[in-house]
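A predicted structure for the sequence below; I have some questions about it.
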Amino acid sequence: MQKNKTYDYVIVGAGSAGAIVAARLSEDPNCSVLLLEYGGSDRSVFIRMPSALGIPMNSKKYNWGFESQPEPYLNNRRMNCPRGKVMGGTSSINGMVYVRGNAHDYDEWASLGAIGWNYQNCLPYFKKLENHQCVDSEYTGSKGPVAISGGNNMRNPLYRAFIDAGVEAGYSETKDYNGFRQEGFGQKFMNVDRGIRASTSHAYLKSAKKRPNLTILKRALVQRVQFSNKTATGIECEINGHSKIFNAQREVILCAGAIGSPQLLQVSGVGPKDTLAAAGIDQIHELPGVGENLQDHLEFNFQYSCKQPISLNSELGLFRKAVIGAQWLLFKTGLGRTNHFESCAFIRSRAGVKWPDIQYHFLPGAVTYDGSVAFKGHGFQVHVGHNKPTSRGHVRATSSNIKKHPEILFNYLATEEDRQGFRDCVHLTREVMRQPAMDAFRGEVIQPTAEVQTNEEIDAFVRDSVDSAYHPAGTCKIGTDAMAVVDSELRVQGLKRLRVIDSSVFPTVPNGNLNAPTMMLAERGADLIKGTVIVPAEPVQVYLDQQWKVKQRG
C-alpha cells in the first residue's frame, strides 16, 4: 500500500456524469479534485467518428462487457449490457442520440419522492449543458459545452418519408421533441460537434484537464470506498498493480453508472444484508435498495426492403467505408459525421396513457445495430420500443472482488403491461409503415413477417428478436421510501460525505435515451454540492393532449 494522498473531492468514473462533475467542481480554484477512470484515452478515430459507433461499443478495450443472467421472459437469453470503459465512459461508445425524455417523466420523479427533480427545476440544467445548433427557443440552450446537431439534416429522403407517414397516420409533427412537445414525429438530434462525437470527455474535460487543481488518473481500478464508522473518507484503488488509497477531505462521489455504482457500494459493505452475506462481504451499512429497481429499455427493428437504391446498405463494403472514412478524416463531412438516426417519433401506446411511452429511431438501412450483419440489397428499418417498463431487476455483487462482474438480471417483460406495450408497438408501427408516404420506398417486409399476427405470435417474435437499448438505470434511486438509496441531494442515505451522481439514481427510466438526462443530473448534482442551484424563473408550458384519456393520438 503506497502513501495516501488527499483531495477535497474524489470522483469515481470519468463518464457521462463523472466528467461533468469533475469539470464543474474544479471551476473553483480553491478546491482540489481527483477524477479516477479505469479506462484509457478516448482519442481513437473510432470513438471520435460518429458513424463508427458500433466499433467501440463492441470492443473489449472500451467496454466493460457486462451481460445479464439468463432472462426468464426472453427464452433465457443472456442480454448484452455495454458500459463505457474509457474517458467519457458510455458517452464515448453510445449512439450519441440526444433525447431529454418527456417533461412529465421528471414530474413523475418528484411524485415518487425525488423532491426538487421536477421538470421545471431540471430544465435550466438541460439548457446549461446545450449548445444547440438546430433549434433556438426558450426550451433550448445555446452556450453550453455539448454541441447538439442534426447530422446531415435528413438528406436521405427516407427520413422525411417516415415523418410524413406518421402525419398521414394521424399523429402530429413536432419541431423539437426536447422542447414544448415531445409527442409526434420529427427530426432527431445528436450530440455531435462539427462532425466529432461530443462525449463528456470532449465537451468538458478537453479544457478542464488543464486546470492545476484537477488531477485525472486513467487505468485506476477503484476497489472499494473507505469508511470511518459511517463517514466516507476516501477510496482504495489499484494502479499499475499497486494498491493506493486516496483520501477525500470533503466528499467521495460515485459516478460509475447503473451497474458500477451499486456494485461498488456493495463490495464496500453498503447494501442489502442478504446480498452482502451471500457474497462474503462484511456489512458497514444496511441499505436494502442498493442494486434493486434495475430498469432498461428494450427495442426491436421493423425491417423492409427498399424499392429505390438509396439506402445505407450500398455503403457497407470495404471500399465505400474507406471513402467515407477518408472524407471524414479530411473534412469531417459526409456519412461519417452522423449516427444515421436522423428522424424519430414518440407516441402513446393507447388511450389512457398520459404521455408518450413508445419511441422510434428511423435508420435508412437494414442492418444490425453494430453494422456487422446487413440485409442483402437495399433496405431500411425503424427501431421501436416500449419505454416505460414496469418490470424491475437487480444488480448484486457475488464477490468482494470488484473485478468479478456482478449478477445482473433485468427481468425484461416480466409484467403483462410490458408485454402488451410491445404488442402495441407491432400494431401501431405496421399502421404507420402502410401509409402512402412510404409507398415509393417500401418493398417486401423482412421482419416481423405478415404471419406474426396473434398476441402469442407477437410475444414469441418479441422474445426472440428484442434487444436492449442499453439504457440501464434505477439501482441507487432517489427517494424517501425504504428502498431509496440517495436523498434529493444525491447523498447516500445514512452515510456522510458520500454521493452517487449517475443514471443509477433515476427513480424511473425516462421515455428516451439516457445520456442527456444523465448529463443534466450531473450538472445539477455539481451545483447541489456547491450550493448554487439554479432557481427557475417563469415556468414554461409543456404539451399534454387534453383528450389523452380517450384518444391514443393527436
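Right, received. Where do you want to start? Quick caveat, the model's predicted, so the values are computed rather than measured.

and Asn118, how many residues sit next to it?
Asn118 has 19 neighbours, counted by other CB atoms under 10 Å. (Each C-beta comes from the backbone N, C-alpha and C, glycine too.)

Could you do Val505 as well?
31.

Tell me the confidence at Gln1?
Slight slip there: residue 1 is Met, not Gln. With respect to pLDDT, Met1 scores 45.

Could you do Val367 as well?
87.

dump the residue contacts of it.
By CB atoms under 8 Å, 6 or more residues apart in numbering, Val367 lies in contact with 312-313, 316, 373-375, 381.

Check pLDDT for these and point me to the minimum.
Minimum pLDDT across the contacts of Val367 falls on Val373, with 68.

For this structure, which strand extends over the most residues?
Counting by DSSP state E, the longest strand found in the chain is strand 242-254.

now for that one, which elements pack on it?
With contacts taken as 3 or more CB pairs under 8 Å, 6 or more residues apart in numbering; DSSP states H and E, strand 242-254 sits against strand 5-12, strand 220-228, strand 231-239, helix 257-267, strand 498-500.

between those, which one is nearest to Pro436?
helix 257-267 (42.2 Å; CB to CB).

relative to strand 5-12, how tilted is that closest one?
Angle, helix 257-267 to strand 5-12, by axes from the mean of the first three to the mean of the last three CA atoms, to 10 degrees: 130 degrees.

circling back: would you mind listing the outside residues contacting the longest strand of the chain?
Contacts for strand 242-254 (CB under 8 Å, 6+ apart): 1-2, 4-13, 18, 21, 31, 34, 36, 223, 225-226, 232-238, 260-261, 264-265, 497-502, 529.

residues of that strand that come out buried?
Neighbour-count burial for strand 242-254 flags 244-248, 251-254 (criterion: 16 or more other CB atoms under 10 Å).

try stretch 362-381
362-367, 369, 371, 374-375, 378-381.

before we move on, what about stretch 272-280?
So for stretch 272-280, counting by 16+ other CB under 10 Å, buried means 272, 275-276, 279.

Taking those together, which two end up most distant?
Those two in these that are separated most widely, counting by CB to CB, are Pro272 and Ala279, at 10.4 Å.

re earlier: could the helices and strands packed on strand 242-254 be laid out in TSV, adding mean neighbour count and distance to Trp109?
TSV is the format used below for the helices and strands packed on strand 242-254 (neighbours: other CB atoms under 10 Å; distance: least, CB to CB, whole Å):
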stretch	mean neighbour count	distance to Trp109
strand 5-12	22	23
strand 220-228	19	26
strand 231-239	20	25
helix 257-267	28	15
strand 498-500	27	15
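
wait, which of the ones you listed is closest to Phe66?
helix 257-267 (5.6 Å).

pLDDT of that closest one, averaged?
Helix 257-267 comes out at a mean pLDDT of 98.

Next, format the helices and strands packed on strand 242-254 as CSV and append distance to Glu523.
As requested, those are exported to CSV (distance: least, CB to CB, whole Å):
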stretch, distance to Glu523
strand 5-12, 14
strand 220-228, 23
strand 231-239, 23
helix 257-267, 17
strand 498-500, 14
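
so which of the ones you listed comes closest to Cys122?
strand 498-500 (17.4 Å).

angle of the following helix or strand past that closest one against strand 5-12?
Per DSSP states H and E, the first helix or strand lying C-terminal to strand 498-500 is helix 515-530. Between helix 515-530 and strand 5-12, the angle comes out at 150 degrees (the same axes, to 10 degrees).

and helix 515-530 with strand 242-254, angle?
Going by the same axes, to 10 degrees, helix 515-530 makes 90 degrees with strand 242-254.

mind listing what's buried in helix 515-530?
Buried residues in helix 515-530 (16+ other CB under 10 Å): 515-529.

That helix - what's its average pLDDT?
Rounded mean pLDDT across helix 515-530 is 98.

could you say what helices and strands it packs with?
Against helix 515-530 (3+ CB pairs under 8 Å, 6+ apart) you get helix 18-25, helix 119-129.
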